[in-house]
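Engineer: Give me coordinates for this.
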Amino acid sequence: MKYALVLILVVAFLALETTAAKKKVRRLKWKPRPTEAVAPPEDDANTNEVEDDNIKMMDQDEDFAKQQELLRENERAREEAPTDPEMFNMVQLPDVCAEVICGAGRVCVPNAENVGVCECISECPVETEARRKVCSNHNETWTSDCAIYQHRCWCDTGDLRCKSETYKHVHVEYYGECRDMPECSEGEMADFPRRMRDWLFNIMRDLADRDELPAYYRRLEAEAETNMTKRWANAAVWKWCDLDGQPHDRSVSRHELFPIRAPLMSLEHCIAPFLNGCDEDSNHRITLKEWAKCLELAEEDIDEKCEGIDADADAV
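Structural biologist: Here you go, the predicted structure:
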């Protein structure tokens with residue numbers, strides 16, 4: 001009986017231990033279920049900043065719309081405004097420089113009496129490109145042709161900025177920086193007048209073919225095509241008249257020779273000494289007779305046929 005009671009107590013103890021162990025195992029295996037992250041509520045300060053930005057953008061859009069409407073109203077007002085000066089009781093002043101022709105390096109400006117007069121250009125554009133540079137007859141490189149013409153004007157008017165008296169006749173020799181040019185040999189110079197005559201006629205013919213020659217000179221070109229005695233003479237007269245710019249004074253100055261001298265310098269190194277030799281009396285002007293003699297043409301074959309030159313002379 002005693003042993004039976006002990007056995008029952010042992011079995012009961014073991015049962016209790018087993019139950020406790022199972023509960024412990026269940027407690028170890030249990031894990032809490034993950035919970036979803038909840039975003040914290042927005043800061044009130046950030047919300048206010050966003051609202052302020054929206055208000056600013058709306059104000060800017062409204063201002064822009066007002067500006068656009070104002071521009072449209074101004075444009076409509078300009079279109080509808082009367083253009084007749086009399087509507088505003090305005091007096092139209094004549095352009096005092098409209099009929100004034102100034103030479104290179106000079107511009108027309110109204111003087112104290114409101115009369116258009118030619119003055120030396122005050123300032124030449126600043127040139128930075130090398131291709132704008134020019135070489136003068138003094139073998140000096142200048143920044144631009146404007147600078148040369150401006151300096152010549154200073155010397156003509158007695159401006160203290162003039163380097164010396166010799167610069168009264170400074171002119172553009174050719175485009176680009178000054179460089180060493182080969183000398184023109186005696187044989188080359190002897191043949192140059194013939195080559196020059198042919199070149200002048202070919203240029204005249206080419207302009208006529210392209211319909212870029214005035215009607216008066218087209219007739220001279222047509223005459224030269226059919227009359228060989230007029231071939232070179234007419235071309236020489238045409239080019240001399242073409243070079244004699246405003247005002248027509250029946251002579252071609254050294255700087256008026258620029259259109260034929262400068263482009264040819266790099267191709268024809270004899271062009272400069274040839275043209276210098278045309279000015280027999282060294283007065284820096286070439287008359288038609290000097291031009292004819294330089295091109296080895298008979299004086300009787302040369303007539304002053306320049307279109308409008310007589311009218312200009314009579315008007316002086």
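Engineer: Pull out the buried positions in the helix or strand encompassing I203.
Structural biologist: Using DSSP states H and E, I203 sits in helix 186-209. For helix 186-209, a neighbour-count test (16 or more other Cβ atoms under 10 Å) marks 188, 192-193, 196-197, 200-201, 203-205, 207-208 as buried. C-betas here are computed from N, CA, C, even on glycine.
Engineer: cool, stretch 154-162 as well?
Structural biologist: In stretch 154-162, counting by 16+ other Cβ under 10 Å, buried: 154-156, 162.
Engineer: where's the dip in pLDDT among the residues you listed?
Structural biologist: Among these, D156 has the lowest pLDDT, at 91.
Engineer: got the contact list for E173?
Structural biologist: 134-137, 139, 261-262, 265, 272 (Cβ atoms under 8 Å, 6 or more residues apart in numbering).
Engineer: at 10 Å instead, please
Structural biologist: 134-140, 148, 181, 254, 258, 261-262, 265, 271-272 (Cβ atoms under 10 Å, 6 or more residues apart in numbering).
Engineer: do P259 as well
Structural biologist: Contacts of P259 by Cβ under 10 Å, 6+ apart are 239, 242-243, 245.
Engineer: What is the least confident helix or strand in the protein?
Structural biologist: Using mean pLDDT, DSSP states H and E, helix 309-315 stands out as the lowest-scoring helix or strand of the chain, at a mean of 42.
Engineer: hang on, the earlier thing: now, the contacts of E173 that are in helices?
Structural biologist: 148, 258, 261-262, 271-272 (DSSP state H).
Engineer: And the helix holding I203, what does it pack against?
Structural biologist: helix 215-226, helix 228-243, helix 258-264, helix 271-278, helix 288-294 (3 or more Cβ pairs under 10 Å, 6 or more residues apart in numbering; DSSP states H and E).
Engineer: looking at those, which has the lowest confidence?
Structural biologist: Mean pLDDT is lowest for helix 258-264 among these, at a mean of 80.
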